[in-house]
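> coordinates only, sequence not included:
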């Protein structure tokens with residue numbers, strides 16, 4: 001009975017972690033460029049009472065053994081980088097990556113982070129930055145007398161100035177990783193490379209498998225509300241089943257203890 005109690009307790013912990021993951025996804029359903037998470041569960045180690053292939057008597061072997069499972073654990077919770085829907089804003093400094101890639105931005109501590117959120121603004125000096133103050137890298141500065149800015153699908157930034165026509169003022173660079181799921185999420189849509197993700201690979205939009213740039217749009221969250229609600233109901237039922245197992249195991253243990 002104690003084994004049933006401990007196994008059910010691990011089930012409660014696993015389903016609790018799953019519902020927390022789902023709640024975070026649903027909370028960010030309207031967050032620009034948010035990537036939903038996925039959970040993987042692993043069974044715990046087994047107690048082997050009789051190993052498969054063990055000897056029966058002197059000359060024969062058992063085709064099966066006796067192994068008792070000890071419960072479940074969360075194996076991983078990782079991001080799913082499927083592209084989210086396009087949200088048209090028609091703002092000249094909003095950029096969406098169609099395909100693979102991340103924008104490199106400079107964090108407040110000087111490090112470089114990576115994001116799919118292309119909702120940029122200009123500061124007092126004309127530099128492009130996120131609403132949180134993170135500067136787009138390499139830095140692109142919009143001249144003060146610019147009438148309008150256009151960005152091509154290959155990331156070439158042009159500014160139209162009075163009596164001067166259009167001039168190229170910068171080139172957007174995007175970054176890829178060999179294993180996007182190995183990135184470490186830091187919040188505010190920022191990711192940091194790890195040994196699992198591999199080093200950043202810089203490229204030009206539209207070349208060598210890199211995504212292209214769409215101006216005047218941002219990427220929406222890739223959370224599917226209907227699927228998340230189904231997952232939530234399934235997780236709730238699994239949690240309830242584990243509580244019932246604990247209750248039944250406790251009753252059986254009590255019945256055993258009361259034997260006279």
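Cool, the structure landed. Remember, predicted model here, so these are calculated numbers, not experimental data. Numbering: from 1, shown residues only.

> who touches residue 216 in this structure?
88-92, 94 (Cβ atoms under 8 Å, 6 or more residues apart in numbering). Every C-beta, even on glycine, is put in place using the N, C-alpha and C of the backbone.

> may I have the strands that pair with the helix or strand of the chain with the lowest mean pLDDT, each with its orientation?
Every helix and strand of the chain was ranked by mean pLDDT, DSSP states H and E. The lowest is strand 55-56, at a mean of 75. Strand 55-56 sits in its sheet next to strand 60-61 (antiparallel), going by DSSP bridges.

> pLDDT on the strand it pairs with, on average?
When pLDDT is averaged along strand 60-61, the result is 78.

> got the contact list for it?
Residues outside strand 60-61 that contact it (Cβ under 8 Å, 6+ apart) are 53-55.

> start to end distance for stretch 160-168?
9 Å (Cα to Cα, to the nearest Å).

> which residues are contacting it?
143, 145-150, 156-159.

> residue 76 and residue 138, how far apart?
Distance check for residue 76 against residue 138: by Cβ to Cβ, to the nearest Å, it reads 34 Å.

> cool, residue 28 as well?
Separation of residue 28 from residue 138 (Cβ to Cβ) stands at 29 Å.

> between those two, who's got more neighbours?
Shown here are residue 28 and residue 138; by other Cβ atoms under 10 Å, residue 28 has more neighbours (17 against 12).

> about what we covered before: how far off centre is the least confident helix or strand of the chain?
Chain-centre distance of strand 55-56: 49 Å, with Cα atoms, centre = their mean, to the nearest Å.

> what two of the contacts of residue 216 have the greatest distance between them?
Largest separation among those by Cβ to Cβ: 88 and 92, giving 12.8 Å.

> in this structure, which residue is closest to the centre?
Here the mean C-alpha position of the chain is nearest to the C-alpha of residue 79 (Cα atoms, centre = their mean), at a distance of 2.0 Å.

> ok, for that one, nearest residue in space, not its chain neighbours?
residue 35 (4.5 Å; Cβ to Cβ, 6 or more residues apart in numbering).

> that neighbour: what secondary structure?
Per DSSP: H, G, I helix; E, B strand; the rest coil, the local secondary structure of residue 35 is coil.

> residue 74 bridge partners, please.
Beta bridges link residue 74 to residue 41, judged by DSSP bridges.

> just to check, the residue nearest to residue 79 is in contact with residue 80?
Yes - with contacts counted by Cβ atoms under 8 Å, residue 35 reaches residue 80, the gap being 5.9 Å.

> buried sites along the helix or strand containing residue 7?
Assigned by DSSP states H and E, residue 7 falls within helix 2-27. Across helix 2-27, burial judged by 16 or more other Cβ atoms under 10 Å covers 4-5, 7-8, 10-12, 14-15, 17-19, 21-22, 25-26.
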